[in-house]
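K.L.:
Here is my input; please provide its structure:
(chains A, B and C)
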Amino acid sequence: MKLLIKNGRVIDPASKTDETLDILIENGQIAAIDSRIDIKDAEIVDASRLVVAPGFIDMHVHLREPGQEYKEDIASGSLAAARGGFTSICCMPNTRPPNDNSGITEYLLTEAKKRAVVNIFPIAAITRGLAGEELTDMADLSQAGAVAFSDDGQPLSNSLVMRRALEYSLLLDKLIIDHCEDKNLSAGGAMHEGEISIRLGLPGIPAAAEEIMIARDLILAESTRSRIHIAHISTKGGIELVRLAKKKGINITAEVTPHHLILSDEYLVNYDPNFKVNPPLRSQEHRQALIEGLKDGTIDTIATDHAPHAPEEKEVEFDQAPFGLIGLETAVSLMLDRFVHKNIISLEKLIHLMSFQPAQLLKLKNKGRIAIGADADLTILNLRKEVVVDVNKFASKSRNCPFHGWKLRGSVAMTIVGGKIVYRA
Amino acid sequence: MAEKIKAKIMDANKIRRVLQRLTTEILERNRNLKNLVIVGIRTRGIFLGKRIAALIKEMEKIDIPVGVLDITLYRDDFSELETQHMVQKTEIPFPITKKDVLLVDDVLFTGRTIRAAMDGLFDLGRPKTIQLLVLIDRGHRELPIRADYVGKVLPTSRKELVQVRLKEVDGIDEVLITEPIEK
Amino acid sequence: MNPETSLEFRHYHLLGIEDLEASEIMTILDTAESMAEISRRDIKKVPTLRGKTVVNLFFEPSTRTRSSFELAAKRLSADIVNFSLPTSSVVKGETLKDTVRNLEAMAIDALVVRHASSGVPHFIASFCQSHVINAGDGTHEHPTQALLDAYTIRQYKKRIKGLKVVIVGDILHSRVARSNLFLLRKLGAEVVLCGPPTLLPPEFSKMGAKIEYNLEKALIGADVIMMLRIQRERQKANFFPSIREYRHLYCLTPERLKLAKKEAIIMHPGPINRGIEIDSSLADSVQSVILKQVENGVAIRMAVLYLLLGGKERETAD
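P.N.:
Numbers count the residues shown, from 1 in each chain, chains lettered A, B, ... in the order given. Take a look at the predicted model:
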C-alpha cells in the first residue's frame, strides 16, 4: 500500500527543510521526497495549506494499564495520542503492578501491537516496586524493550540509589528520567507555595522541593559522567541549574509540559481540582523562566505528563483529589496558539522540541525526522483552523483537562503512523 | 423609575388640621389616656405618631410613649421580593401587654403591612386593644382590615402611587398622587 | 417599595470575606444590629424564614459555631437539621458530592458547611442549587467569625477604620486570621500579625498586614488584641520547639497587656487554651470580650441567613 502526501509544507528540523514537497510512503517507510511525485496506484492526501512534520513524540504519558484501566488503557490512550497528533508515546511505569520487570514490559508491547494505533514505548521503573531501594533488572528490561528508566511519580529520594542507577545506565546507554521532588519539603502540599497558596489556605509545595533534587541530580550526573533527564521542570531555580549544568558540559536534559508553560497558580482560586497537578502550577515568575528556558534551549522537549483520573476521583475535596491532568489531546493546539502564533517560538522550533529532540533523547532510530528510509510517522497540522477544546469529544477515558472551553488557533489535521492514517480531523 | 405628579391632595396646613381632628377622635375614644401607647410603623408612621403624641401633650398635658416598629421580618412577600429590604431596628422601650396600642401608618392599602405589624406586636406582648390610625386610606384591601381613624379616604387606581411626604424625612409636608411613566 | 429601605445584597452564597465589598460587610453588620434586638425579647422568634430549611453540614467537630447557626435559624423560624459526618470519604464510603446531592434531594434551602479541607464550600457551591454558607473551611476562611468579630469591635470601639488590631498565634493555619485580615483591611483598620516566623510566612504582608515576630513590639498601642488557639500537634511538625517555649514568647500576660492601649479589648475565637496563648486571669478580665463575641455570633448568623435566603430565586441572583 502506498500513500502519497501532496503539496504539504514539509518542515523537518533535522535536515533544515521548509518547503512545499510531496512525500511518498511505501511499506511504512518514507520512500521518496520530491517537489513533485506522480504515482497512479497510491492513495493521495492533499496537504496543500497544511504543514507536514515528523511525527510528534510524547515521552511522558500515563496509560494506566495494567491496573487502572477505568482511567485509561492502551487503546484509549493511543487514540487520544493520535487525536492529539502524537505518533509515539512513552508510558510511565507507575501502573499496578508497576513496570519493574520484563514481563510487564513485554505485556505492554504485545498489547500495544494488538490494540494501539500509535507507537508505544515503555519506560521501566528504576527501582523495584518504585520503592526507591533496589534497582530493577535494567539490562533485562532494556532487552525487553524499555526505552528509558524512571520512578516517575515517586522521586528517587536516596542519593546513593540514584548514583547507582546513573552508573548502571552507562552499561545500557538508556536515559534515566527523574521526577525531582524532595518529599520532606513537599509533604502534604496541594499547590505551589506562594502568595496564592497562603491566601487560599492550601498547603504549599515550595519551588525548593524541585530545585534541591535537580541540583543533586546534576551533581551526580557530572560525577558519574552519565545522562540525566529532568521530567516536567517547573521552577525558575530548576531552569537556572539546568542552564548552568549545560554550560559546564554536564549531560543533562529537561522537559516541560504545556500546562506549566501556559497556566499559573492564579488558576487555582476556585479550588478546581482539574488544575491540581504535580509539580504544581507555579507563579508567573516561574512560568516566565520556563518560557525563557524554552527559547534559549535549556529545555529540550515538550512532554504532556498526560495523567488521567476518573471524575469521581477528581471531583472531591481539593486536598484529597489526586494530582494530574490530561494533555495528549490539547498539547499541539495549545503550543501553536500560545507560542507559535504569538511568535514566542518558531514553528520549526516547536517541531524540533516535539519530534526530533525526544527521538534523539530516547535514541529512537528512524524517528523524529522526514528522510528517505525513516519511519513514515507524520503529524500534519492546520495552522489556521480554530478549535474549541471540548472534553466530551476526547478519545481519552478521562476528562480531567483544565482547558475545556478554550478557543485555540492551530490544530492537528492528520496523524500518520507507519504509513497508516490513524487520525483525520 | 420616572413618575409624574397627578394631583396634590394635602399640603402642610391640611395635614396639620387632619392630625388635629384625628387627635380629637382618639381622645374621645380613649378615656384612660394613661393606658395608651403609640407605635409608629417605619418610616413615616413614626413621625405621624410623634406628632400625635405632641398634640395630645398640648391638649391633655400627658406624655404618651411612642415606639418604632420595623415590619420587614414579618412580611409575607419575603421570597418574592426582587431586592432585599434592609432590616431596621424595632424600638419599643416600654411594655405593651394590657395596653391600648395606637398603631400609626401613613397609607392603608392592601392591609398586608398592618397584618405584619400586628404579628410583630404580638411577639412583643399582648395588648388590651390595638387601634389603627392612617393618614390616607386608598382602598384595594386584600385582607379584612380597616382603620379606626382615617385622615382621608382617597379612591385611587392600582397603578397610581400615594406618596406621603413629611418634613422630618422629606423636608416638606404634602400628600401626592403620582403615576409611573411607562417607557 | 420604599427605595430608602431596599438594599441589594447580590450574593447567593457566603463563601468568604474576600468576595465581599466593604459596603456589603457594613450591610451585614447593620442588619445584625436589628437582629440582636430579637434575641433580647421574651419571645425570641420572628416568622421571617418560615418554611425554609437550613442544613448544618459539619465534617469537623464544632459545638459553638453549629449551635450558633442553629439558634440563628430557629430565631428566624427556619427549620434546621444537623448532619455531623466524618471527613474522610473512605470512612463514610460516599463522596462529598453524593452526600450533598442526597441532602439536596430533600428540598433544602441552605447548607452551612464546616470542613477540614480548604475550598470545600466553593466546591459544593459549584454544583449545588442551595445557598452555601461557609462555617469554616480548612485553613482558608471563617467569614461569620470575622463578621462577628468586626461587630464586636464596632460595639466597643464605635468604629473600625484606623484601629490597630493585633492578631497573635498560628497565623499560617488560621482561617480566623485570614477572614479577619481580609475584613479589617477592607474596613480600613491596621492589622498586625504576630507569631513565630514558622507560622507567619512573609506573603501575608502582600495581603495588607504588618508582620511582627515580637509580641511586645506588636502590642504597643493596640486597640484590639485577638489571640488565636495554638494546636499542640503543630509542635510535632517543628513549627515551634515546645509549648513551654511558645508560651514564653507568645502568651498574652498582664505585663504584656500594659503595652497596649489602656482600653484595648481582648478577643479569642475559642476554644481557649488557658495559660498557653492567654493568661487565665485575662480571659475573664473586664477587657476580655470573648463571651460577647459568642453572643454576637447569633445576630451575625441571623443577618447572614436573612440576607442570603431572602429575595428571588437563583435566576435573578448572580
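
K.L.:
could you point out which element follows the one helix or strand in chain B whose mean pLDDT sits lowest?
P.N.:
Every helix and strand in chain B was compared by mean pLDDT, DSSP states H and E; the lowest is strand B:84-85, with a mean of 70. Using DSSP states H and E, the helix or strand that follows strand B:84-85 in sequence is strand B:100-108.

K.L.:
quick one, what contacts the residue sitting nearest the centre point of chain B?
P.N.:
Against the mean C-alpha coordinate of chain B, by Cα atoms, centre = their mean, the closest residue is B:Asp105 at 0.6 Å. Applying Cβ atoms under 8 Å, 6 or more residues apart in numbering or on different chains, we find B:Asp105 in contact with B:Gly40, B:Ile41, B:Arg44, B:Gly45, B:Leu48, B:Thr113, B:Ile114, B:Ala117, B:Leu132, B:Leu133, B:Val134, B:Leu135. From N, CA and C alone the C-beta is placed, and that goes for glycine too.

K.L.:
in the sheet, who's paired with it?
P.N.:
B:Val134 (DSSP bridges).

K.L.:
separation between it and chain A?
P.N.:
Remark: distance between B:Asp105 and chain A (Cβ to the nearest Cβ, to the nearest Å) = 47 Å.

K.L.:
Just the pLDDT for that residue.
P.N.:
What the model reports as pLDDT for B:Asp105 is 97.

K.L.:
Next: C:Pro3.
P.N.:
Per-residue confidence (pLDDT) for C:Pro3: 42.

K.L.:
Next: C:Gln235.
P.N.:
So C:Gln235 comes in at 85 (pLDDT).

K.L.:
Quick check: it touching C:Ser242?
P.N.:
Yes: contact criterion Cβ atoms under 8 Å: C:Gln235 and C:Ser242 qualify, at 6.4 Å.

K.L.:
Tell me which residues of stretch A:112-128 come out buried.
P.N.:
Judged by neighbour count (16 or more other Cβ atoms under 10 Å in any protein chain shown), stretch A:112-128 contains these buried residues: A:112, A:115-127.

K.L.:
repeat for stretch A:22-39
P.N.:
A:Asp22, A:Ile23, A:Leu24, A:Ile25, A:Glu26, A:Gly28, A:Gln29, A:Ile30, A:Ala31, A:Ile33, A:Ile37.

K.L.:
thought the fourth one was touching A:Lys2?
P.N.:
What that stands for is A:Ile25. Yes: under the criterion of Cβ under 8 Å, A:Ile25 is in contact with A:Lys2, at a separation of 6.6 Å.

K.L.:
mind checking the SS state of the closest residue to chain B within the stretch 1-150 of chain A?
P.N.:
Chain B sits closest to A:Tyr70 of the stretch 1-150 of chain A, with a gap of 44.0 Å, by Cβ to the nearest Cβ. Three-state call for A:Tyr70 (DSSP: H, G, I helix; E, B strand; the rest coil): coil.

K.L.:
which residues does the nearest residue to it once chain neighbours are set aside contact?
P.N.:
Computed as Cβ to Cβ, 6 or more residues apart in numbering or on different chains, the closest residue to A:Tyr70 that is not its neighbour in sequence is A:Ala310, at 5.8 Å. Contacts for A:Ala310 (Cβ under 8 Å, 6+ apart) come out as A:Tyr70, A:Lys71, A:Lys397, A:Ser398.

K.L.:
Would you mind measuring from A:Ala289 to chain B?
P.N.:
A:Ala289 sits 49 Å away from chain B, going by Cβ to the nearest Cβ.

K.L.:
Look up the pLDDT of that residue for me, please.
P.N.:
Predicted confidence (pLDDT) for A:Ala289: 98.

K.L.:
That one - how many residues pack around it?
P.N.:
Around A:Ala289 there are 21 other residues, counting by other Cβ atoms under 10 Å in any protein chain shown.

K.L.:
can you map out the strands along chain C?
P.N.:
C:6-7, C:53-58, C:79-84, C:110-115, C:131-137, C:164-168, C:190-194, C:210-212, C:224-227, C:265-267 (DSSP state E).

K.L.:
With mean pLDDT, mean neighbour count and distance to B:Lys34 added, can I get these in JSON lines?
P.N.:
Shown next, in JSON lines, are the strands of chain C (pLDDT from 0 to 100; neighbours: other Cβ atoms under 10 Å in any protein chain shown; distance: least, Cβ to Cβ, whole Å):
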{"stretch": "strand C:6-7", "mean pLDDT": "60", "mean neighbour count": "15", "distance to B:Lys34": "39"}
{"stretch": "strand C:53-58", "mean pLDDT": "96", "mean neighbour count": "23", "distance to B:Lys34": "45"}
{"stretch": "strand C:79-84", "mean pLDDT": "92", "mean neighbour count": "15", "distance to B:Lys34": "43"}
{"stretch": "strand C:110-115", "mean pLDDT": "97", "mean neighbour count": "26", "distance to B:Lys34": "47"}
{"stretch": "strand C:131-137", "mean pLDDT": "98", "mean neighbour count": "27", "distance to B:Lys34": "48"}
{"stretch": "strand C:164-168", "mean pLDDT": "98", "mean neighbour count": "26", "distance to B:Lys34": "51"}
{"stretch": "strand C:190-194", "mean pLDDT": "98", "mean neighbour count": "24", "distance to B:Lys34": "54"}
{"stretch": "strand C:210-212", "mean pLDDT": "98", "mean neighbour count": "16", "distance to B:Lys34": "60"}
{"stretch": "strand C:224-227", "mean pLDDT": "98", "mean neighbour count": "28", "distance to B:Lys34": "47"}
{"stretch": "strand C:265-267", "mean pLDDT": "98", "mean neighbour count": "24", "distance to B:Lys34": "44"}
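
K.L.:
closest to A:Leu135 out of these?
P.N.:
strand C:110-115 (43.1 Å; Cβ to Cβ).

K.L.:
Surely A:His60 and A:Pro93 touch.
P.N.:
No: if you go by Cβ under 8 Å, A:His60 and A:Pro93 don't touch, sitting 11.7 Å apart.

K.L.:
so what sits against both of those two?
P.N.:
Joint contacts of A:His60 and A:Pro93 (Cβ under 8 Å, 6+ apart) are A:Asp152.

K.L.:
how deep is A:Asn158 tucked in, by neighbour count?
P.N.:
Neighbours of A:Asn158 (other Cβ under 10 Å): 13.

K.L.:
wait, what's in contact with it?
P.N.:
Counting by Cβ under 8 Å, 6+ apart, A:Asn158 makes contact with A:Gly132, A:Glu133.

K.L.:
Could you do the one 3 residues further on as well?
P.N.:
By Cβ under 8 Å, 6+ apart, the contact set of A:Val161 is A:Ile126, A:Thr127, A:Gly132, A:Glu133, A:Leu135.

K.L.:
got the phi/psi numbers for it?
P.N.:
Note on A:Val161: its backbone torsions stand at phi -60, psi -40 [degrees, to the nearest 10].

K.L.:
which one of the contacts of B:Asp105 sits closest to chain A?
P.N.:
Distances from chain A to the contacts of B:Asp105, taken by Cβ to the nearest Cβ, are shortest for B:Thr113, at 42.7 Å.

K.L.:
what ranges do the helices span in the stretch 151-300 of chain A?
P.N.:
Using DSSP state H, counting those that start in this stretch, the helices of the stretch 151-300 of chain A run over A:159-172, A:183-186, A:195-200, A:207-224, A:236-247, A:258-262, A:284-296.

K.L.:
wait, which of those is closest to B:Val68?
P.N.:
Per Cβ to Cβ, nearest to B:Val68 of the helices of the stretch 151-300 of chain A: helix A:195-200, 43.1 Å.

K.L.:
and A:Glu96, which of the three is it?
P.N.:
Rather than Glu, residue A:96 is Arg. Once three-state DSSP is applied, A:Arg96 turns out coil.
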